[in-house]
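Participant: got a predicted structure plus its sequence, pasted below:
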Amino acid sequence: MVPDLDSARPAFADQHPRGAAVRRLRTVALVGIDGSGKTTQARELATALAEWGLPATYRRNAGGRRWFGRLATALGRRDGEHLLGRKTMLLVESVLRWLAILRTLLRRSVTREIAIMDRYAVCQFASIRAHAKTPRPERLNRAERRARLAYRVFPQPDVTFLLAVDPAVAYDRIEQRGYDHEEMAYLRAATAAYQALPEHAGFVVIDANGTPEQVRQALLAHLDAWAPAATPKPRVPAGPGRPRALLVAHARALLLTVATLAAAASVLTYQLAEGF
């Protein structure tokens, strides 16, 4: 199934002309199927924004599926699902990705950096749909409902880029890199799952079938509106207000930690009690 690129959003530079007031950029997420170039582009985007003068940092929010796949291969199993079971693998993936996103957001709340997210919550929702025993991309199943309950504590990114790629192109890229493998059927199911997500209407869809440089330029074009904010600001000298601001930042991070851990504990307890 070829990704639907007709729904690509207009460039942010068109919506917010250069020089116009725009909100502060805090979080950019890159999502899409395996082989779409998320990791490569997230790293490049963080570097490019840093060159603009924006304090951007690359953050990966992996769910551990690749690591468990390698462990499974070492133990003579086909993949992580064959090792742990489909439901357990999805549960482990959901928890690990949740913790990775929490770590990134907590760090961002203290450092005030722009987090360039390699994967985000919607990746888990799409993964659940694509790994279902009988994939139905349009269906919100019980596992996804529970995952959404756990992930709802996280804010939506300022911009979510969906790197849309033909599954055949993604398959070739995965085979060329040589350290993992995906079935074509799964790549097609994952493509359909991303397109069917309710969040899809808010994605900035980028054609990721081209060269890395072409994709990079398309991403930067959509973020061009934030370039005026790149002018470095002078450091604020130490004074009576500075320690207080630092304490407020740490208090905010602590409150976020307590709230999110409490929410996660209640949700995961429910999942374990009822069965995933």
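Facilitator: Yep, that arrived.

Participant: where does the prediction get shaky in the stretch 1-150 of the chain?
Facilitator: Within the stretch 1-150 of the chain, the stretches with pLDDT under 70 are 1-22, 63-75, 77-86.

Participant: hey, where'd the strands end up in it?
Facilitator: Remark: strands assigned in the stretch 1-150 of the chain by DSSP state E, counting those that start in this stretch are 27-31, 56-60, 114-118.

Participant: got CSV for those strands, with mean neighbour count and distance to Leu219 too?
Facilitator: All C-beta spots, glycine's among them, are computed from the backbone N, C-alpha and C. CSV is the format used below for the strands of the stretch 1-150 of the chain (neighbours: other C-beta atoms under 10 Å; distance: least, C-beta to C-beta, whole Å):
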stretch, mean neighbour count, distance to Leu219
strand 27-31, 25, 8
strand 56-60, 18, 12
strand 114-118, 25, 10
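
Participant: for Leu45, see how far away Tyr194 is.
Facilitator: Distance, Tyr194 to Leu45, by C-beta to C-beta, to the nearest Å: 19 Å.

Participant: cool, Glu182 as well?
Facilitator: Taking C-beta to C-beta, one finds Glu182 at 24 Å from Leu45.

Participant: and what of Val169?
Facilitator: Remark: distance between Val169 and Leu45 (C-beta to C-beta) = 20 Å.

Participant: who's more crowded, these two?
Facilitator: Leu45 (23 against 18; other C-beta atoms under 10 Å).

Participant: tell me which of the strands of the stretch 1-150 of the chain sits nearest to Ala130.
Facilitator: Nearest to Ala130, of all the strands of the stretch 1-150 of the chain, is strand 27-31, at 12.9 Å by C-beta to C-beta.

Participant: follow-up on the earlier one: which of the strands of the stretch 1-150 of the chain sits closest to Glu93?
Facilitator: Closest of the strands of the stretch 1-150 of the chain to Glu93 is strand 56-60, at 13.9 Å (criterion: C-beta to C-beta).

Participant: neighbouring contacts of the closest one?
Facilitator: Outside strand 56-60, the residues that touch it by C-beta atoms under 8 Å, 6 or more residues apart in numbering are 28, 39, 42-43, 45-46, 49-50, 100, 104, 107, 111, 113-119.

Participant: same deal with stretch 163-177?
Facilitator: 1-5, 30-38, 41, 180-182, 184, 187-188, 191, 194, 205-209, 215.

Participant: list the buried residues in it.
Facilitator: Across stretch 163-177, burial judged by 16 or more other C-beta atoms under 10 Å covers Leu163, Ala164, Val165, Asp166, Pro167, Val169, Ala170, Tyr171, Arg173, Ile174.

Participant: cool, thanks, signing off.
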